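Just need the structure, nothing else, for what follows:
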Amino acid sequence: MMKTWQAGKRLLPMTAALGLILAGCGREDLSVLRPQGPAAESSFDLMKLSITIMIAVLLIVFSIAAYVLIRFRRKPDQSEMPEQVEGNFKLEVLWTVIPLILVVVLAVPTVKAVFAAGNDHANDKDAIKVKVTGHQYWWEFEYTDYGITTAQDLVIPAGKDIAFELSTKDVLHSFWVPSLSGKMDTNPEGSTNRFSFSAPNEGVYRGKCAELCGPSHGFMEFKVKSVSEAAFEKWVNSMKAPAVLPEDPALAKTFKSQCLTCHAVGEMPDMSSAPNLTGIGSRESVAGILLNDDTGADGAPVLENLKTWLHDTKGVKPGNKMPDPKKDMGLSDEEIDGIAEYLAGYTLD
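The predicted structure is shown next:
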């Protein structure tokens, strides 16, 4: 027993120190504890309120317990049974009323926040309407008012409400941008979920699938890019521009026959069976999980990521539905590298 207590005394400070260290490892683009938008701030405020109430209750209860243990402990020379006291009307009323008051204190702002979150801005003419479709294991974003579709990068104007309509093409997914809002499921057809959020500040925020959906669930990421209104309009115009195909006629023929049977670029009609590739060279990541970073500090250059993906799609995302370019489509290493170079150069203004 003594050895166990001594081991516990050593482990307790180590555990506390490790907890403090890990608590500082969050990042602003992927943490509910660092809210970057009104919806996330509302949830964080409720979290702080509930934790404050919990800590206050714990401190009061443990303080009373400590007082009772010390004040009424058995004395060394005490042998008689202490007076047995039961049934105190005032105390019973007190510990019934106080919890009720605490519940009301927590319920009022919670109900207010829930009703505020229920405003999906679907009928707001100034809101940006986006239809989100979950696929194994990528995200499709259709801007219904603009007639454009993209994937993996959700580009939005800073400060504007974004009205989402969520659905799925296969299994149940859950759309979640921790630093901007809570999660919302993408249900099968017939049960469409709607909600909204906004990002007041320009920046890039990470999103994830929050519902176990298969082997690559953990790799089903996307990015939210909050930009100025002028930059957003330029992006929309660039997305609508005619497709830019490879300059090499042979490579262009291969790209058309092998890639554009599922994917789309430029003004081509989107088939929704695979991600739209328009401007993929400007995106924050390849396949949602390979971060593009020319400095190498938080990822790799886009060309390197595209080659990594195209040469080993199943290794990067196990269980994904894209055919292997070499094994299933019969492309040579040179053709794969050529397509990777073309896509890396396909950037938007």
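
For Ser79, report the pLDDT, please.
Note for Ser79: predicted pLDDT of 79.

so how many other residues sit close to it?
Using other CB atoms under 10 Å, Ser79 is surrounded by 6 other residues. For glycine as for every other residue, the C-beta is placed from the backbone atoms N, C-alpha and C.

Apart from its chain neighbours, what residue comes closest to Asp236?
Small correction: residue 236 is Val, not Asp. Tyr146 (5.4 Å; CB to CB, 6 or more residues apart in numbering).

contacting residues for that neighbour?
Val236, Met239, Lys240 (CB atoms under 8 Å, 6 or more residues apart in numbering).

Which members of the residues you listed are classed as buried?
Val236, Met239 (16 or more other CB atoms under 10 Å).

which of the contacts of Tyr146 lies closest to Ser285?
Comparing these against Ser285 with CB to CB picks out Met239 as the nearest, at 17.8 Å.

same for the host helix or strand of the closest one, what does it pack against?
If you go by DSSP states H and E, Met239 is part of helix 229-240. Counting contacts by 3 or more CB pairs under 8 Å, 6 or more residues apart in numbering; DSSP states H and E, helix 229-240 is packed against strand 148-151, strand 153-157.

how about a cut-off of 6 Å?
strand 153-157 (3 or more CB pairs under 6 Å, 6 or more residues apart in numbering; DSSP states H and E).

Helices of the stretch 101-250 of the chain, residue ranges please.
Counting by DSSP state H, counting those that start in this stretch, the segments of the stretch 101-250 of the chain that form helices are 229-240, 249-258.

Taking strand 153-157 as reference, get the angle to the first one.
Angle, helix 229-240 to strand 153-157, by axes from the mean of the first three to the mean of the last three CA atoms, to 10 degrees: 140 degrees.

Using CSV, write out the CA atom coordinates for helix 229-240.
C-alpha atoms of helix 229-240 as CSV (Å, rounded to 0.1, in the frame of the first residue of the first chain):
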residue,chain,number,x,y,z
GLU,A,229,-14.9,40.2,-50.9
ALA,A,230,-12.8,41.4,-53.8
ALA,A,231,-10.6,38.3,-53.7
PHE,A,232,-13.8,36.1,-53.5
GLU,A,233,-15.2,37.7,-56.6
LYS,A,234,-11.9,37.2,-58.5
TRP,A,235,-11.9,33.6,-57.4
VAL,A,236,-15.5,33.1,-58.7
ASN,A,237,-14.6,34.6,-62.1
SER,A,238,-11.5,32.4,-62.3
MET,A,239,-13.5,29.3,-61.5
LYS,A,240,-15.9,30.2,-64.4
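
Next, the contact list for Glu335, please.
Applying CB atoms under 6 Å, 6 or more residues apart in numbering to Glu335 gives the contacts Thr254.

ok, now Thr168?
Thr168 sits next to Gly134, Thr186, Pro188 when contact means CB under 6 Å, 6+ apart.

Turn these into CSV, including neighbour count.
Conversion of those to CSV gives the following (neighbours: other CB atoms under 10 Å):
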residue, neighbour count
Gly134, 26
Thr186, 27
Pro188, 12
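
quick one: Ala297 from Phe219, how far?
With distances taken as CB to CB, to the nearest Å, Ala297 is found 21 Å from Phe219.

neighbour count winner among those two?
The neighbour comparison of Ala297 against Phe219 (other CB under 10 Å) goes to Phe219, with 20 against 7.

Could you check how far the closest residue to that one other than its chain neighbours is from Val316?
In space, and not counting its chain neighbours, Phe219 is closest to Ile289: 4.4 Å by CB to CB, 6+ apart. Ile289 is 7 Å from Val316, where distance means CB to CB.

tell me the contacts of Asn305?
Taking CB under 6 Å, 6+ apart, one finds Val286, Leu290, Asn292 in contact with Asn305.

Neighbour-wise, which one of those leads?
Using other CB under 10 Å as the neighbour criterion, Val286 leads these with 27 neighbours.

before we move on, back to that, I'd like to know which of the helices of the stretch 101-250 of the chain is closest to Leu58.
Closest approach to Leu58 among the helices of the stretch 101-250 of the chain (CB to CB): helix 229-240, 47.4 Å.
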